[in-house]
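S.K.: The following block contains a protein sequence and its predicted model.
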Amino acid sequence: MLRSDLGPWRERRRMWNELGIESRRGREHVSTYNVTDDYGRRVLGSIGGGLSTFDPVLAEVSYDWYCPPGGRILDPFAGGSVRGLVAGNTGYHYTGIDLSAEQIDANEEQADVWRERDMLAAQPTWLHGDALETLPTLDKEAYDYVFTCPPYHSLERYSDHPADLSAMRWKDFTDAYSAIIAESVRCLAADRFTTWVVGEIRNSAGRIRGLIPLTIAAHERAGARLYNDAVLLNSIGTAAMRLPQQWRASRKMGRIHQYVLTFVKGDPRRATQSLLPDSANVQ
């Protein structure tokens with residue numbers, strides 16, 4: 001279990017935030033939902049102050065654990081600036097894809113500020129477009145690590161764009177999502193890792209959709225096997241006040257966690273050896 005609610009993790013996150021990560025810039029229009037009422041209706045929730053933000057410490061440790069030094073990182077669902085800025089600051093070559101031109105503009109503005117302050121060892125790159133259309137244009141096996149946090153279907157509504165997974169019906173979402181996973185695995189070099197940070201969701205009737213098994217099955221069909229699964233425990237926050245009423249009304253357990261699923265393409269031993277600073281000399 002990864003404890004982002006404990007002191008060392010929180011202190012490290014504070015240090016990252018003090019560098020000037022503005023993770024919500026470009027996402028002010030996003031609507032966050034959570035099925036919390038007694039009738040299973042989708043209502044506005046309060047996740048991260050109304051908008052989810054990615055934890056820079058999770059990005060930092062994931063790159064350190066699973067990407068070769070100075071490696072190339074691919075992020076099919078870039079979203080905010082966090083993963084790109086952390087990668088660039090720590091010397092990784094990051095390529096993120098996002099459907100929102102406004103979001104990419106906000107990310108690049110932040111990257112410009114970091115570069116002017118000499119805070120980037122490598123310049124992150126954001127590509128504007130639909131991941132389903134952009135990934136096939138990228139070279140096969142060109143990346144050392146895939147790291148992303150996809151839309152949790154309709155939990156957050158990003159736009160009304162027809163290619164936006166958060167606006168799709170579940171069947172269309174599963175088809176597009178699985179195809180994007182397959183393309184990301186194609187872009188991943190042999191004997192390398194890929195990590196997807198996902199959370200489970202419910203449908204309008206309150207039943208669990210099954211986003212976690214969908215993610216695992218799509219990767220395995222694409223040739224990447226599940227290697228590590230971790231639970232990221234977040235701060236309880238206001239959940240302690242909300243959840244008793246939710247439990248009494250519906251017997252639904254609350255969620256203050258996400259799943260960090262890491263897959264390996266190829267040989268796990270060779271993938272691990274590639275992470276060593278002198279990996280070129282490892283037989």
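M.R.: Sure, I can see it.
S.K.: shaky segments in the stretch 1-150 of the chain?
M.R.: Where the stretch 1-150 of the chain drops to pLDDT under 70, the residues are 23-52.
S.K.: where exactly do the strands run in it?
M.R.: With DSSP state E, counting those that start in this stretch as the definition, the stretch 1-150 of the chain shows strands at residue ranges 2-3, 31-35, 42-44, 72-75, 93-98, 125-128, 143-148.
S.K.: and R117, which of these is closest to it?
M.R.: Across these, R117 has its closest neighbour in strand 93-98 (17.8 Å, CB to CB). Heads up, the C-betas are built off the backbone N, CA and C, glycines and all.
S.K.: Which residue is the nearest non-sequential neighbour of P268?
M.R.: Distances taken as CB to CB, 6 or more residues apart in numbering place Y227 nearest to P268, at 6.1 Å, with adjacent residues excluded.
S.K.: so that neighbour, which of the three states?
M.R.: When the structure is reduced to helix, strand and coil (DSSP: H, G, I helix; E, B strand; the rest coil), Y227 reads as strand.
S.K.: if we can go back for a sec, now the strands of the stretch 1-150 of the chain as JSON lines including distance to T53 and mean neighbour count?
M.R.: As requested, the strands of the stretch 1-150 of the chain are arranged in JSON lines below (distance: least, CB to CB, whole Å; neighbours: other CB atoms under 10 Å):
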{"stretch": "strand 2-3", "distance to T53": "16", "mean neighbour count": "16"}
{"stretch": "strand 31-35", "distance to T53": "11", "mean neighbour count": "18"}
{"stretch": "strand 42-44", "distance to T53": "17", "mean neighbour count": "13"}
{"stretch": "strand 72-75", "distance to T53": "15", "mean neighbour count": "25"}
{"stretch": "strand 93-98", "distance to T53": "15", "mean neighbour count": "24"}
{"stretch": "strand 125-128", "distance to T53": "17", "mean neighbour count": "18"}
{"stretch": "strand 143-148", "distance to T53": "15", "mean neighbour count": "26"}
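S.K.: now those in CSV, with distance to L58?
M.R.: Shown next, in CSV, are the strands of the stretch 1-150 of the chain (distance: least, CB to CB, whole Å):
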stretch, distance to L58
strand 2-3, 7
strand 31-35, 19
strand 42-44, 25
strand 72-75, 13
strand 93-98, 15
strand 125-128, 19
strand 143-148, 9
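S.K.: D175 and A122, how far apart?
M.R.: Summarising the geometry, the distance separating D175 from A122, computed by CB to CB, to the nearest Å, is 34 Å.
S.K.: for the regular element (helix or strand) spanning L214, what is the average pLDDT?
M.R.: Secondary structure assignment for L214, by DSSP states H and E: helix 211-222. Confidence over helix 211-222 (mean pLDDT, whole number) is 97.
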